[in-house]
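Novice: based on what follows, work out the 3D shape:
(one chain, ligands or ions: 1)
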Amino acid sequence: MQIAGLTPLTTTDYPGKLAAVVFCQGCPWQCAYCHNPGLIPRQAEGHIAWEEIISFLQRRQGLLDGVVFSGGEPTLQSGLGAACQQVRALGFKTGLHTAGTYPERLKEWLPLFDWVGMDIKARFGDYEKISGVPGSGERASLSLQAVLESGVDYEIRTTVHPGQITENGIILLGQELAALGVQHYVPQAFRAQGCVSSDLLQLDVKPLSWGTIQAALQPLFQSFSIRGN
Ligand code: SF4
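Specialist: Numbers count the residues shown, from 1 in each chain. This next block holds a predicted model:
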């Protein structure tokens, strides 16, 4: 496990739970809006040893509900399954933030997680425009299918920058997700914090009408909300 950082307490990264967040180093995709671009390279200075994380969690038993693996892309880490088992053995619920970059690994490890927050970045045919990587849409599609078939609690989310997707585009994406069986969906407004893409930061585009998006999509999902607009 290449651990880049630890947030000791969060109330927002694992719905309804007091959790710690373990940030994993490395991601094979290159989304311009990434708010943790320092975590994209597979190697970086200053890692936290996994033993330190375990030692921290031992001191938090009974005080935290869960641990979320985030990143970067946690499923890049070959040790994620074993790490997750150790965390569960300490009595914590386990959560995962993933973009679904490694569908085979995700499918294998899903039974170890109590909750998954998965990014769906675009309609699958348009993925490369966001991720910068050919074939990423197929991978995300397989990962979404694995999440839906696993029965694990989940939230599907889409980061929305008005320069990358139109109102109609997000509505079409939501309709496609609902048709695939997604029941919990959260479009989330792009946050400038952490983003290093001058293109995205400087784009002067008309803001989206979130009310229009909400009216079109809310009826399609069991739970639906818009974050950060
Ligand atoms: S998949 Fe996530 S971590 Fe990877 S580059 Fe995109 S936003 Fe950043």
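Novice: only C-alpha atoms from now on, for both contacts and neighbour counts.
Specialist: Fine.
Novice: quick one: the strands in this structure, in order.
Specialist: 3-10, 19-24, 66-70, 93-98, 115-119, 153-160, 184-189, 223-224 (DSSP state E).
Novice: make a markdown table from these and add distance to Gln43 to it.
Specialist: Listed next are the strands of the chain as a markdown table, based on distance: least, CA to CA, whole Å:
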| stretch | distance to Gln43 |
| --- | --- |
| strand 3-10 | 10 |
| strand 19-24 | 11 |
| strand 66-70 | 16 |
| strand 93-98 | 19 |
| strand 115-119 | 23 |
| strand 153-160 | 26 |
| strand 184-189 | 29 |
| strand 223-224 | 37 |
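Novice: dump those strands into JSON lines; add mean neighbour count, distance to the ligand and mean pLDDT as well.
Specialist: Shown next, in JSON lines, are those (neighbours: other CA atoms under 10 Å; distance: least, CA to the nearest ligand atom, whole Å; pLDDT from 0 to 100):
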{"stretch": "strand 3-10", "mean neighbour count": "18", "distance to the ligand": "12", "mean pLDDT": "96"}
{"stretch": "strand 19-24", "mean neighbour count": "24", "distance to the ligand": "9", "mean pLDDT": "98"}
{"stretch": "strand 66-70", "mean neighbour count": "26", "distance to the ligand": "8", "mean pLDDT": "98"}
{"stretch": "strand 93-98", "mean neighbour count": "24", "distance to the ligand": "7", "mean pLDDT": "98"}
{"stretch": "strand 115-119", "mean neighbour count": "22", "distance to the ligand": "8", "mean pLDDT": "98"}
{"stretch": "strand 153-160", "mean neighbour count": "20", "distance to the ligand": "9", "mean pLDDT": "97"}
{"stretch": "strand 184-189", "mean neighbour count": "20", "distance to the ligand": "12", "mean pLDDT": "96"}
{"stretch": "strand 223-224", "mean neighbour count": "16", "distance to the ligand": "21", "mean pLDDT": "97"}
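Novice: which one, of those, ends up nearest to Thr212?
Specialist: Judged by CA to CA, the one of those that comes nearest to Thr212 is strand 184-189, at 12.8 Å.
Novice: also compute the angle for that closest one relative to strand 153-160, please.
Specialist: 30 degrees (axes from the mean of the first three to the mean of the last three CA atoms, to 10 degrees).
Novice: packing partners for strand 184-189?
Specialist: strand 153-160, strand 223-224 (3 or more CA pairs under 8 Å, 6 or more residues apart in numbering; DSSP states H and E).
Novice: let's see 10 Å
Specialist: In terms of contacts (3 or more CA pairs under 10 Å, 6 or more residues apart in numbering; DSSP states H and E), strand 184-189 is packed against strand 115-119, strand 153-160, helix 167-180, helix 210-217, strand 223-224.
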